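1. based on what follows, work out the 3D shape:
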Amino acid sequence: MLRELRPATLSSRPEVLEVLLAGAERSGQRLDGLVSSVLSSGSRLTPRVREATAAAFAAPVLEAYGLTEFGIVASRCPAGTMHLDDTRVVAEVVDDEGVPLLTGTGELVLSSVENRAMPLLRYRTGDLATLKRESCRCGRPGLALTGLLGREVPVFRFSDGSAFAPTHFSNFFLLFPLNQYQVIETGRDSVLILIEPGADAYPIERLVRDIEAYVRQALPSIASVQVRQHFFGDQPRFQRYVSAPSPVTGSGDE
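-> Numbering: from 1, shown residues only. Next comes the predicted model:
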């Protein structure tokens with residue numbers, strides 16, 4: 001596709017770039033000369049992948065942080081700093097209590113009214129980050145993302161004081177014939193599992209019983225479990241594990 005379309009810039013995720021590099025190496029195909037630059041976003045770009053991509057394409061590799069809901073939010077300058085585009089978004093982080101901070105480390109929260117049809121105010125990204133206001137050698141002022149620490153993993157907390165990480169169920173695709181699933185903490189002691197059976201699934205009644213039994217033995221006995229069939233369709237921002245929401249608090253927020 002790259003050889004046919006000859007795009008000026010290849011925009012992709014680091015994981016996809018790794019697959020592309022491995023495929024080119026296996027097939028003996030050269031990637032240099034296909035694009036003028038490579039833009040990586042969506043997850044952390046490691047120095048190893050950056051260097052391998054730059055060498056394979058013989059082109060500069062640019063790193064950016066963005067979301068489907070906002071577009072590009074921050075990009076890395078030649079000096080190595082990830083600058084936030086404060087002409088388009090207002091960035092904060094929230095601590096473990098949900099209190100917003102203008103600088104520091106916590107869950108990244110973004111606000112924007114650029115899309116007047118659907119303004120997003122204090123949108124919780126689920127990404128752990130560090131915001132810092134510092135001078136940069138490139139001369140650009142403002143906030144910088146000095147650390148992107150990855151996605152915050154939700155934890156279900158039950159009334160008996162126990163806690164459970166729903167990532168325990170990350171083996172669902174290996175255990176059950178599913179196209180998709182989602183684990184939702186619907187209340188203090190209640191969990192809902194939404195499942196979309198695969199084409200090779202056995203009868204839905206039996207599948208629901210099997211998944212319910214597996215989840216019940218993994219969760220504390222105090223938890224109630226419900227499994228329902230659901231069609232997910234195309235969701236641009238899909239959360240596999242959803243914990244009961246905790247409000248973002250602050251002074252004067254409406």
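
2. mind giving me the packing neighbours of whichever strand or helix holds A74?
-> Counting by DSSP states H and E, the element that carries A74 is strand 71-76. Contact partners of strand 71-76 among helices and strands, from 3 or more CB pairs under 8 Å, 6 or more residues apart in numbering; DSSP states H and E: strand 61-67, strand 82-84. The way it works is simple: take the backbone N, C-alpha and C, and place the C-beta from them, glycine included.

3. right, and these - which one's nearest N115?
-> Between N115 and those, the shortest separation by CB to CB is 12.3 Å, and it involves strand 61-67.

4. let's have the helices and strands packed on strand 71-76 in JSON lines, adding distance to E205 and mean pLDDT.
-> Conversion of these to JSON lines gives the following (distance: least, CB to CB, whole Å; pLDDT from 0 to 100):
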{"stretch": "strand 61-67", "distance to E205": "39", "mean pLDDT": "87"}
{"stretch": "strand 82-84", "distance to E205": "50", "mean pLDDT": "89"}
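
5. for S36, give me its contacts.
-> A8, T9, A59 (CB atoms under 8 Å, 6 or more residues apart in numbering).

6. so what sits opposite the second one in the bridge?
-> Translated: T9. Here T9 sits in beta bridges with S37, going by DSSP bridges.

7. is it true that it touches L39?
-> Yes. Between T9 and L39 a contact is recorded at 5.5 Å, counting by CB atoms under 8 Å.

8. still on that earlier bit, so can I have a markdown table of the helices and strands packed on strand 71-76 showing mean neighbour count and distance to A218?
-> A markdown table is the format used below for the helices and strands packed on strand 71-76 (neighbours: other CB atoms under 10 Å; distance: least, CB to CB, whole Å):
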| stretch | mean neighbour count | distance to A218 |
| --- | --- | --- |
| strand 61-67 | 20 | 31 |
| strand 82-84 | 19 | 38 |
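
9. would you list these in JSON lines and tack on distance to T146?
-> Conversion of the helices and strands packed on strand 71-76 to JSON lines gives the following (distance: least, CB to CB, whole Å):
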{"stretch": "strand 61-67", "distance to T146": "12"}
{"stretch": "strand 82-84", "distance to T146": "7"}
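
10. name the strands paired with the strand holding A74 and say parallel or antiparallel.
-> So strand 71-76, judged by DSSP bridges, has these partners: strand 61-67 (antiparallel), strand 82-84 (antiparallel).

11. who's in contact with the strand or helix carrying Y214?
-> Of the helices and strands defined by DSSP H and E, Y214 is found in helix 204-218. Residues outside helix 204-218 that contact it (CB under 8 Å, 6+ apart): 164, 168-169, 172, 175-177, 191, 193, 195, 197, 201, 223, 225-229.
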